[in-house]
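Enquirer: Need coordinates for the following:
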Amino acid sequence: MFSNYEFNKLVDKYVEFCADSGQIDSRLYSKYDVKRGLRDSNGKGVLTGLTEISDVTGFAEKNGERIAIPGELYYQGYNVNDLISGFRGTKRGFEETVFLLLFGELPTKAQLKEFMDVIGDLRELPTDFNRDVIMKTPSANIMNTMQRCVLTLYSYDEDPDNIEVRHVLEQCLGLIARFPLIAAYGYQSYRHKFLDSSLIIHRPKPTLSTAENILRLLRTDAKYTDLEAKVLDICLVLHADHGGGNNSTFTTHVVTSSHTDTYSAVAASLGSLKGPRHGGANHKVQEMFTAIKAHISDWENEDEIRNYLNDILDKKAFDKSGLIYGMGHAVYSISDPRAVILKESARKLSEEKGKVKEFELYERVEKIAKDLIMSKRDMHKPVCANVDFYSGFVYTMLKIPAELFTPIFAIARIPGWSAHRIEELVNNGKIIRPAYKYVGKHKEYLPIEERIW
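Expert: Okay, the predicted model is just below:
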């Protein structure tokens with residue numbers, strides 16, 4: 001039996017082996033025209049599939065050239081700006097969006113009521129699931145809890161490996177309804193175990209919307225304002241889908257193409273979303289703004305803001321990565337339509353919460369960062385704030401803890417994953433298998449007695 005010291009020394013040695021054997025000459029990627037990250041040399045995604053679920057547009061083709069345009073996002077052919085405008089004044093836009101993504105059209109009033117009744121009926125966990133699965137083994141990372149719970153729900157399904165569309169739809173509707181419970185109860189269990197807080201569990205109300213139930217489940221008094229529910233509803237709508245090529249949705253397609261079960265496919269997508277390069281970006285934005293507020297004495301002084309942002313870009317401040325988080329996007333350059341909409345929601349919520357000064361700081365940072373990034377990076381295309389720039393600020397004003405930022409993203413995105421899974425199955429495509437070129441050396445086998453390192 002190894003001691004901890006001996007084991008750690010051994011692992012350190014193995015790490016050196018990994019570093020020595022796993023490093024590939026970066027020049028080979030250009031030599032073999034490898035589309036790293038499935039993107040071309042201009043950063044545009046390689047075409048790997050077709051979808052009718054959503055469309056992400058940031059460029060137009062004109063005379064053979066790509067021209068940057070204000071960003072647009074469509075769900076099943078509907079512009080998300082039009083959807084948000086139509087949903088204003090309600091707290092059930094997310095439920096309409098779920099219906100739209102799954103079934104291709106917006107519901108009638110009667111269809112929406114029926115659909116909400118279905119989701120309400122499904123919004124409960126199996127008997128003792130919270131006690132036996134969530135509370136007995138809480139995790140410090142709620143995304144880990146969500147993955148584990150999704151995989152455990154496989155055991156409660158009488159026919160979990162059935163991939164007929166009817167059965168997959170039933171499974172997806174169940175997960176869409178249960179995700180808010182899993183996230184909220186996972187967080188409450190985390191607080192109880194790791195922060196020694198009182199354990200307070202509320203039951204959901206079937207008649208409430210997803211946004212209302214999330215706020216109800218998270219708050220000790222289960223109370224929230226009308227504006228809070230409406231703003232969270234908008235957040236959920238804006239995160240519900242974003243084309244087939246984003247990392248977690250592409251994961252859905254890849255894993256689904258193997259004809260695995262729904263629970264495994266969704267757990268894989270959750271694992272993708274958990275990564276800080278994907279779902280965790282808004283948390284980094286909040287950490288950055290905490291540093292900005294700590295180092296800038298006058299939030300209205302643009303020169304002071306510009307100097308600190310310069311230091312961030314020069315890798316002298318914050319996390320020394322050289323990145324201003326929440327700025328820039330792979331597709332959008334002039335504007336991210338989600339950020340534009342969320343910015344207006346943040347403005348209204350900041351007035352209710354007495355956070356107008358802080359909102360104005362975000363506005364100034366956004367404006368100054370655009371100019372600085374373009375000038376320092378010698379960029380010829382515009383750069384814009386992405387959806388993560390304002391979402392963390394909105395969640396903070398809604399008293400949603402940082403530990404739940406990415407789980408809220410997952411609650412919003414599960415309808416999109418579900419729609420893409422069904423689309424992949426309906427179209428019965430081949431198993432997704434891109435090529436990798438071997439660039440190592442061929443070696444002659446040696447008996448163990450003759451091997452020397």
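Enquirer: Contacts for stretch 117-125 next, please.
Expert: Stretch 117-125 is contacted by residues 95, 98, 173-174, 176-178, 180-182, 185, 204, 206-207, 210, 213 when judged by Cβ atoms under 8 Å, 6 or more residues apart in numbering. C-beta coordinates here come from the backbone N, C-alpha and C atoms, glycine included.
Enquirer: What residues sit buried inside it?
Expert: Under the neighbour-count criterion of 16 or more other Cβ atoms under 10 Å, stretch 117-125 has Ile119, Gly120, Arg123, Glu124, Leu125 buried.
Enquirer: what's the answer for stretch 347-361, then?
Expert: The neighbour-count check on stretch 347-361 (16+ other Cβ under 10 Å) flags Arg347, Leu349, Ser350, Lys353, Lys355, Glu358, Phe359, Leu361 as buried.
Enquirer: tell me the contacts of the second one?
Expert: This points to Leu349. Applying Cβ under 8 Å, 6+ apart to Leu349 gives the contacts Leu227, Glu228, Val231, Lys355, Val394, Met397, Leu398.
Enquirer: Who are the packing partners of the helix or strand where the second one lies?
Expert: Per DSSP states H and E: Glu228 is located in helix 226-238. For helix 226-238, the elements it packs on are helix 80-87, helix 93-103, helix 210-218, helix 337-353, helix 387-397, helix 405-426, judged by 3 or more Cβ pairs under 8 Å, 6 or more residues apart in numbering; DSSP states H and E.
Enquirer: could you check the angle helix 80-87 makes with the fourth one?
Expert: Taking axes from the mean of the first three to the mean of the last three Cα atoms, to 10 degrees, one finds that helix 337-353 is oriented at 40 degrees with respect to helix 80-87.
Enquirer: Which single one of the contacts of Leu349 is nearest to Val133?
Expert: Leu398 (27.2 Å; Cβ to Cβ).
Enquirer: any idea how far that closest one is from Lys230?
Expert: 11 Å (Cβ to Cβ, to the nearest Å).
Enquirer: what does Gly271 give?
Expert: With distances taken as Cβ to Cβ, Gly271 is found 32 Å from Lys230.
Enquirer: Settle it for me: which of these two has more neighbours?
Expert: Lys230 (23 against 15; other Cβ atoms under 10 Å).
Enquirer: The residue nearest to that one when sequence neighbours are not counted: neighbour count?
Expert: Using Cβ to Cβ, 6 or more residues apart in numbering and skipping residues adjacent in sequence, the residue nearest Lys230 is Lys91, 5.5 Å away. If you count neighbours by other Cβ under 10 Å, Lys91 ends up with 22.
Enquirer: follow-up on the earlier one: columns secondary structure and pLDDT on top of the buried residues of stretch 117-125, output as JSON lines?
Expert: Shown next, in JSON lines, are the buried residues of stretch 117-125 (DSSP: H, G, I helix; E, B strand; the rest coil; pLDDT from 0 to 100):
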{"residue": "Ile119", "secondary structure": "helix", "pLDDT": "98"}
{"residue": "Gly120", "secondary structure": "helix", "pLDDT": "98"}
{"residue": "Arg123", "secondary structure": "coil", "pLDDT": "98"}
{"residue": "Glu124", "secondary structure": "coil", "pLDDT": "97"}
{"residue": "Leu125", "secondary structure": "coil", "pLDDT": "98"}
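Enquirer: Secondary structure class of the residue nearest to Lys230, three-state.
Expert: Under DSSP: H, G, I helix; E, B strand; the rest coil, the three-state class of Lys91 is coil.
Enquirer: Tell me where the stretch 1-150 of the chain has strands.
Expert: Along the stretch 1-150 of the chain, the segments classed as strands by DSSP state E, counting those that start in this stretch run 54-62, 65-75, 78-79.
Enquirer: ok, the nearest residue in space to Thr406 that is not next to it in sequence - contacts?
Expert: Among residues not flanking Thr406 along the chain, Gly279 sits closest, at 4.3 Å (Cβ to Cβ, 6+ apart). Contacts for Gly279 (Cβ under 8 Å, 6+ apart) come out as Met143, Ser248, Ser272, Leu273, Thr406, Phe409, Ala410.
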